[in-house]
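Enquirer: Just need the structure, nothing else, for what follows:
(chains A, B, C and D)
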Number of protein chains: 2
Amino acid sequence: MAASTTETKEQILTVAERLFAEHGFTGTTLRNVVSEARVNLAAVNYHFGSKEELFRAVVARFARPVVERELRLLSELKSGSELPSIEALLRAVVQPSLEILSEGEDTRLVRAKFMGRCRTEPEPIQSIAYAEFAVATEMFLDMFQRVLPEQPRSQLGWKFDLVISALVRVLMEAGKPYALLKTTRPEDIEAATQQLVAFLSPGMRT
Amino acid sequence: MAASTTETKEQILTVAERLFAEHGFTGTTLRNVVSEARVNLAAVNYHFGSKEELFRAVVARFARPVVERELRLLSELKSGSELPSIEALLRAVVQPSLEILSEGEDTRLVRAKFMGRCRTEPEPIQSIAYAEFAVATEMFLDMFQRVLPEQPRSQLGWKFDLVISALVRVLMEAGKPYALLKTTRPEDIEAATQQLVAFLSPGMRT
DNA sequence: GTCTATAATTCGATAGAC
DNA sequence: GTCTATCGAATTATAGAC
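Expert: Numbers count the residues shown, from 1 in each chain, chains lettered A, B, ... in the order given. The predicted structure follows:
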């Protein structure tokens, strides 16, 4: 493996992430990717095997650090002597994803949008990203059930689904003039986190 | 115009609506449409001109009755002697769309999913549907501003955006086993409307 | 590992007979 | 208005030289 191999793979992944985010899976062509990445067309199939495997690789690269932070926050909440508040739990849900926007320089907004795009892709593409988050999602839902034992699981199910929808929407709209999150400055991210949690938490309680 | 012309156009529109809903714009081919619609390939371009014009026609067919009901509910709210409650206003936002699910027999779930899909399509397709709802959206936002004058317009902007996101998610997931709306029975639609309004209204107030 | 060249399909759109 | 046939361009994926 030559020294530039990693570079080529990363270059493909970065460009593909942006084009998938903007145009979706079927709306992105490998020719567009290699053209912008300034690599050869055959390099995609050499390094990733197929267009779908490339998508899986993009998903894995961005999702794993997020899931890792989610699981860490979850274990912190569990290790506490008492049950967390709804607000603390919601913050653990949205914070790892919103923190995407504080890392990666010029790729921040693209990465956030890609995460949102994953959830809006038609099947079977959507399932690729869903699989990465499935374990953490189930654990969050279990925790909501413990904090809100009087609500039936089915109700918590669709409520949590709407929470994720709101998070995804915030990520996709980030950077636009009328969005909740207009910049990627840490203090703006923190403010948006608080506002999003405040918007969602009373609805979870009801 | 022969007697079967309307039939052919409607057949194309109905099949296209389902395929666009399931696979998105770029994921749907005209060949798939005409194959399932059992019409000739050339009929699409004869009746609609292009794939994008076909999409516009599908959007117009489902959106106009919804917008009409939105505007009627809005004028009723305005004609009242006092300002509506948050709950009444939110109900006017979500009800016309959810009522899609009480009409059209076997096309109900498809139509709901298509509406959701419109909002998740990459540009420039998304703007086609957005344009149909733009006027009503602005009027709803004005009404929220009157009911909640202490909140800045920018804040109401992203909150209303999250309300629509929740509505769209409910529409897209309708019919699935763990969704808020599992069937299309009128009483279930009414129950879902109430639960959705109850979930969202406290967040609007905060 | 990177490249050129191309295979093998598939796409949207249209020409022209009926 | 409906059909067959096809154009021209674009797609993913691969074979094979270097």
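Enquirer: residues in chain A within reach of chain B, list them.
Expert: A:22-27, A:117, A:120-123, A:154-155, A:157-159, A:161-162, A:165-166, A:168-170, A:173, A:178-180, A:195, A:198-200, A:202-203, A:206 (CB under 8 Å from any CB of the partner chain). To be clear about C-beta, it is placed using only N, CA and C from the backbone, and glycine gets the same treatment.
Enquirer: Could you rerun that using 7 Å?
Expert: A:22-24, A:26-27, A:120, A:122, A:154, A:157-159, A:161-162, A:165-166, A:169, A:178-180, A:198-200, A:202-203, A:206 (CB under 7 Å from any CB of the partner chain).
Enquirer: Where does pLDDT dip in chain A?
Expert: Counting by pLDDT under 70, chain A contains low-confidence residues at A:1-3.
Enquirer: got the residue ranges for the helices in it?
Expert: A:5-23, A:30-37, A:41-48, A:51-79, A:86-98, A:108-120, A:125-147, A:153-173, A:186-205 (DSSP state H).
Enquirer: Filtering the residues of chain A next to chain B by proximity to DNA strand C, which remain?
Expert: Among the residues of chain A next to chain B, no residue lies close to DNA strand C (CB under 7 Å from any atom of the strand).
Enquirer: In contact with the closest residue in space to residue A:11 that isn't next to it in sequence, which residues are there?
Expert: In space, and not counting its chain neighbours, residue A:11 is closest to residue A:37: 4.7 Å by CB to CB, 6 or more residues apart in numbering or on different chains. Residues in contact with residue A:37 (CB atoms under 7 Å, 6 or more residues apart in numbering or on different chains) are A:11, A:12, A:15.
Enquirer: neighbour-wise, which of the residues you listed leads?
Expert: residue A:12 (23 neighbours; other CB atoms under 10 Å in any protein chain shown).
Enquirer: Quick check: residues of chain A near DNA strand C?
Expert: Looking at DNA strand C, the residues of chain A close enough under CB under 7 Å from any atom of the strand are A:1, A:2, A:4, A:5, A:8, A:39, A:40, A:41, A:42, A:43, A:46, A:47.
Enquirer: Adding distance to residue A:145, write those residues out as CSV.
Expert: What follows is the residues of chain A next to DNA strand C, written out as CSV (distance: CB to CB, whole Å):
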residue, distance to residue A:145
A:1, 47
A:2, 51
A:4, 50
A:5, 46
A:8, 46
A:39, 48
A:40, 51
A:41, 50
A:42, 50
A:43, 47
A:46, 47
A:47, 43
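Enquirer: ok, those vs chain B, which is closest?
Expert: Distance to chain B, by CB to the nearest CB, is smallest for residue A:41 among the residues of chain A next to DNA strand C, at 20.0 Å.
Enquirer: I figured that closest one was touching residue A:34, is that so?
Expert: Yes: with contacts counted by CB atoms under 7 Å, residue A:41 reaches residue A:34, the gap being 4.9 Å.
Enquirer: on that earlier part again, gap between the residue nearest to residue A:11 and residue B:66?
Expert: Computed as CB to CB, to the nearest Å, the residue A:37 to residue B:66 distance reads 42 Å.
Enquirer: Next: residue A:126.
Expert: 25 Å.
Enquirer: circling back: just the buried ones from the residues of chain A next to chain B?
Expert: Buried subset of the residues of chain A next to chain B (neighbour count, 16 or more other CB atoms under 10 Å in any protein chain shown): A:23-24, A:26-27, A:120, A:122, A:157-159, A:161-162, A:165-166, A:169, A:179-180, A:199-200, A:202-203.
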